[in-house]
Structure formats: C-alpha cells, structure tokens
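> Could you look at this predicted model? Sequence included:
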Amino acid sequence: MSLCTLADVKTLLGWSTEDEDALVQSKIDLASEWFALYIGRFDRAAGAGSLIEKFEDRAEKHRGGEQIVDLAGFPLAHDTETGAPLIVVQEAYVLGDLAAADALEINVDYEVAEDFGNIWRLTSGRDLGRPFADWVRVVYSGGWWPPDVAEPDARWATLLAVIRDAAAEQARHMVAQKDHVGQRSFHVGTATIDMVEQELLPSAKSVLDRFRGPGIG
C-alpha cells in the first residue's frame, strides 16, 4: 500500500514531468514499508506485508493467559450502524478447538483499547471462577484506506493526513538520496555512514510514535 501519492511527492520535489515517476513510486513503496515496520503493523511471520492497509476478517491466535492481547493490525474497522468494532474474540482450552470456540462478549469479557490496537481481558471468561483458556482466537477487520481511493467503505478509516504527509516527506528525502537508499552503508572520506540509522526522518518518527502500542516495535 502506498501511504501517499505520486502527486504528493512530486509537489514537494517541484517536479511536473513523468520522467522519474517509476523512481518516485519505488521510494513511496519503500517508505510505506518502513512505516509499517516501524509502527509494528507488519506481518513478518505470514509474509503478508503491511497491516496498515485495509484488511478484512484477519484471524489471529494468542496465548490465553495474557491480560492484554496485542493485535497485529490497527485501527479496527467499525459497523456503520452500531459503531461497534468489527471483531470476534473466542477462547478454547485446546488449540484445535479454536474454530468452534465460544465467542466472548465485548465490554463484558473483554474491551477493545482503540488507542493502542489491543484487547483487554476484563474477566477470565463468562464465569468469573473459570481460569483463562489456553488459547484466544481473534477475527477482526481494520487498517486504513489508502489515500487515492475515491469512494472508500465507511467501515474503514481513511489514512490520516499526518501519516500521508510524513510518508510524502520521507519519500521526497529518499528520492533526493537515491544513490544511497537501499545500501546498508556508504563511505564519505574515511567515515562509514550506516544507512540503517538513516532510514526514517526524525519528523516521521515523531508522527509514527503516536501509533505504536504497548509491546510494539
């Protein structure tokens, strides 16, 4: 998913021709990937890429003994009529029983922490005397619509302007540094510059830090 558009970056660069569009788009894609990695919304295990982009009915399994369960994707989508988050939480004592496990009740058994992209276990299940189950299964929808969608589904949030602007500035910087971006290091005289330390602009980090939940990063 591109977190900004070609036009966003070309405006910052002051470019009006299409000669370097492929280069600019490649830097937009790379900046978007870095943003997802930095926020922590990137599914490395499944190889699914950015979980900043809109997704639907994502299933995750988590250990049941945790009071706080961090979700991989964020923000959650919401039902347009009720305003309820599109999420189902189930628990089971055996991993193989997850698909048939009983659904827990939102705001009774668990609560969605919207600001951090996780769920809080309010009770140990429907019966307060019952211990935590061994496994929790969460099925939910979320992520942001990309900035170039003309008529996005209202259940999903539109990408925030602060993230779009930060992505455009990051991509502009990467285009200006195109001879070095992608390298791990380069030499200036006798000094070695570590590109890993140069990946994200401080201004981008200050924006993205607002969206990193507990345990993320």
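Arrived safely.
> Need the contact partners of stretch 6-17.
With contacts defined as Cβ atoms under 8 Å, 6 or more residues apart in numbering, stretch 6-17 is touched by 21, 24-25, 27-28, 147, 164-165, 167-169, 171-172, 175. Glycine gets a C-beta too; all of them are placed from N, C-alpha and C.
> who are the neighbours of the longest helix belonging to the chain, in terms of helices and strands?
Among all segments of the chain classified by DSSP state H, the helix with the greatest residue count is helix 21-39. Helices and strands touching helix 21-39, by 3 or more Cβ pairs under 8 Å, 6 or more residues apart in numbering; DSSP states H and E, are helix 6-13, strand 49-50, helix 161-176, helix 202-208.
> one step back: want to throw the contacts of stretch 6-17 into TSV with neighbour count and pLDDT?
Listed next are these as TSV, based on neighbours: other Cβ atoms under 10 Å; pLDDT from 0 to 100:
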residue	neighbour count	pLDDT
21	13	94
24	24	94
25	15	94
27	22	91
28	24	93
147	21	87
164	19	94
165	17	97
167	26	95
168	24	97
169	19	96
171	29	94
172	24	94
175	21	90
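> wait, which of the residues you listed is closest to residue 36?
Nearest to residue 36 among the contacts of stretch 6-17 is residue 167, at 10.5 Å by Cβ to Cβ.
> Look up the closest residue to that closest one, ignoring the ones flanking it.
Counting by Cβ to Cβ, 6 or more residues apart in numbering, residue 167 lies nearest to residue 3, which is 3.7 Å off, once chain neighbours are set aside.
> Could you verify my assumption that the one you found touches residue 164?
Yes. Under the contact definition of Cβ atoms under 8 Å, residue 3 touches residue 164, with a separation of 6.1 Å.
> hang on, the earlier thing: so for the longest helix of the chain, what gets flagged as buried?
Of the residues in helix 21-39, those scored as buried under the neighbour-count criterion (16 or more other Cβ atoms under 10 Å) are 24, 26-28, 30-36, 38-39.
> Equivalent analysis for stretch 83-94, please.
85, 86, 87, 89, 90, 91, 92.
> Just the residues contacting that stretch, thanks.
Contacts made with stretch 83-94 from outside it, assessed by Cβ under 8 Å, 6+ apart, are listed as 64, 76-79, 98, 100-104, 106, 109-110, 112, 114, 119, 125, 132-142, 155.
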